[in-house]
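J.: sequence and computational prediction follow.
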Amino acid sequence: MFASTNLKLLEQVLGYPVTAVAVAREPRAGVVAVPTTQSRLGTAVANIGGLCATLSKAGVQHLRELLMRERPTLVWLDTSLLGALIPVIRDLLPSAKIICAFQNVEAELVRQRLLARHLHYLPAWYATWQNEKRSARGSDLTLALHVRDAEQIELRYGRQVDSILPIIVTDRMVAAASGAPDNVCIDPYLLFVGSAFPPNIEALGFMCRHLAPRLNRFRIVAVGSGLDRYATQFMHPKLVIRGFVDDLSALYRGATAVIAPIFSGGGMKVKVAEALMHSKSVIASPFAAIGYEACSPESIRIAHDVHEFETQVSRLTSEHQNTQSRADYQRFFSYEAGLRQVRDITATLQLEMS
């Protein structure tokens with residue numbers, strides 16, 4: 001999502017096509033595929049050699065050839081995990097400018113896995129730290145999703161981030177009659193959206209054990225790819241769990257508010273920006289609200305614990321639309337907002353190049 005949106009923004013700002021390269025085992029159509037590792041063992045070996053993100057030695061050679069063929073004047077790295085490429089770019093194209101957009105402080109995420117005794121991540125931790133350090137120190141411009149990541153980058157790697165580029169969500173709000181599909185929930189409900197990643201499973205447990213028993217007027221509807229596998233594990237009359245939904249628009253329209261009790265993980269929570277896009281108030285933990293500090297307290301309603309979540313829910317009215325949420329989305333997280341930010345970022349770089 002980040003890469004494709006940032007690519008569109010960059011192409012529109014520059015006014016000409018940009019060659020997109022994917023270091024991914026299953027890259028999408030329209031991008032140049034780079035050879036990757038093919039197994040966990042291969043990835044571990046690459047990590048020991050200083051490479052991250054499934055990038056292989058063959059992939060580095062492939063990129064060397066591509067750089068010499070294309071000879072770009074600007075290289076945008078949409079992850080901090082490819083810092084090992086920066087010396088290669090400097091060697092082949094000394095005058096090229098490099099932008100690195102950190103999507104997380106990845107070394108911290110790996111450290112959390114090690115603290116959870118997932119010791120097979122040890123090679124990944126060292127490689128991640130090395131690549132992030134190179135990304136921070138070797139780029140001409142360094143970007144972060146939010147101020148907290150920027151502070152961590154400066155603390156860890158001694159480089160002040162040049163600009164904040166938050167999550168940008170393309171507007172998909174559809175004007176239609178309010179209401180949700182009848183087979184999901186006919187009662188007033190709060191919506192939780194998230195696929196089956198550990199922080200979201202943790203949120204299901206919190207909602208089932210602690211929050212749902214305290215609700216009177218509302219149910220919680222939780223939807224997302226893979227969540228249905230946990231429907232029997234987290235059973236409560238006030239919690240409805242569903243799996244993948246192709247179009248969430250009706251569910252957003254019918255929801256009184258969106259709930260985000262997320263307490264771990266990294267980056268910014270995309271679903272919070274999507275909720276704002278759909279004109280919804282979001283009741284969020286402080287962790288889920290990282291990156292949304294500029295929003296109105298009517299848009300992002302902070303709850304530190306189950307008592308504050310209950311209090312915030314009790315303050316909700318029957319009004320389904322929050323115009324302030326929509327205004328905050330348009331100001332900070334819309335495509336147009338991203339366009340302004342990328343234009344400012346590249347303008348700074350162009351001044352240096354002139």
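T.: Looks like it came in fine. Note that this is a predicted model, so its numbers are computed, not measured.
J.: show me where the protein has its helices.
T.: With DSSP state H as the criterion, the chain has helices at 2-14, 40-48, 57-70, 85-92, 106-115, 122-138, 147-157, 198-206, 249-254, 270-277, 306-314, 323-328, 335-353.
J.: how about those, which one is nearest Arg28?
T.: Closest approach to Arg28 among those (Cβ to Cβ): helix 2-14, 7.6 Å. Yep, even glycine has a C-beta here, placed from its N, CA and C like the rest.
J.: buried ones in the closest one, by neighbour count?
T.: Phe2, Ala3, Thr5, Asn6, Leu7, Lys8, Leu9, Leu10, Val13 (16 or more other Cβ atoms under 10 Å).
J.: save the helices of the chain as JSON lines, and put in mean pLDDT too.
T.: Listed next are these as JSON lines, based on pLDDT from 0 to 100:
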{"stretch": "helix 2-14", "mean pLDDT": "86"}
{"stretch": "helix 40-48", "mean pLDDT": "93"}
{"stretch": "helix 57-70", "mean pLDDT": "96"}
{"stretch": "helix 85-92", "mean pLDDT": "97"}
{"stretch": "helix 106-115", "mean pLDDT": "86"}
{"stretch": "helix 122-138", "mean pLDDT": "94"}
{"stretch": "helix 147-157", "mean pLDDT": "95"}
{"stretch": "helix 198-206", "mean pLDDT": "95"}
{"stretch": "helix 249-254", "mean pLDDT": "93"}
{"stretch": "helix 270-277", "mean pLDDT": "96"}
{"stretch": "helix 306-314", "mean pLDDT": "96"}
{"stretch": "helix 323-328", "mean pLDDT": "96"}
{"stretch": "helix 335-353", "mean pLDDT": "84"}
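J.: and these: which comes nearest Trp76?
T.: Nearest to Trp76 among the helices of the chain is helix 2-14 (6.1 Å), distances taken as Cβ to Cβ.
J.: now what about that closest one, what contacts it?
T.: Residues outside helix 2-14 that contact it (Cβ atoms under 8 Å, 6 or more residues apart in numbering): 17-18, 20, 22, 28, 74, 76, 78, 101, 103, 165, 167-170, 335, 338-339, 342-343, 346.
J.: are any of those buried, and if so which?
T.: 18, 20, 22, 74, 76, 78, 101, 103, 165, 167-169, 338-339, 342, 346.
J.: just the residues you listed now: which is nearest Tyr292?
T.: Ile167 (9.4 Å).
J.: the residue nearest to the closest one when sequence neighbours are not counted and Pro166: what is the separation?
T.: In space, and not counting its chain neighbours, Ile167 is closest to Met268: 4.6 Å by Cβ to Cβ, 6 or more residues apart in numbering. Distance, Met268 to Pro166, using Cβ to Cβ, to the nearest Å: 6 Å.
J.: now list whatever residues contact both of those two.
T.: With Cβ under 8 Å, 6+ apart, Met268 and Pro166 have common neighbours Leu145, His146, Gly291.
J.: with adjacent residues omitted, what lies nearest to Arg315?
T.: By the measure of Cβ to Cβ, 6+ apart, the closest residue to Arg315 outside its immediate chain neighbours is Arg301, 7.9 Å from it.
J.: surely the one you found touches Val282?
T.: Yes - applying Cβ atoms under 8 Å, one finds Arg301 in contact with Val282, separated by 6.8 Å.
J.: anything in contact with each of the two?
T.: Ala257.
J.: higher neighbour count, those two?
T.: A side-by-side neighbour count of Arg301 and Val282, using other Cβ atoms under 10 Å, places Val282 first with 28 against 22.
J.: wait, doesn't the more buried one sit right on Glu274?
T.: No - assessed by Cβ under 8 Å, Val282 is found out of contact with Glu274, at 9.8 Å.
J.: picking that back up, nearest to Leu215, out of the helices of the chain?
T.: Closest among the helices of the chain, using Cβ to Cβ: helix 306-314, at 6.6 Å.
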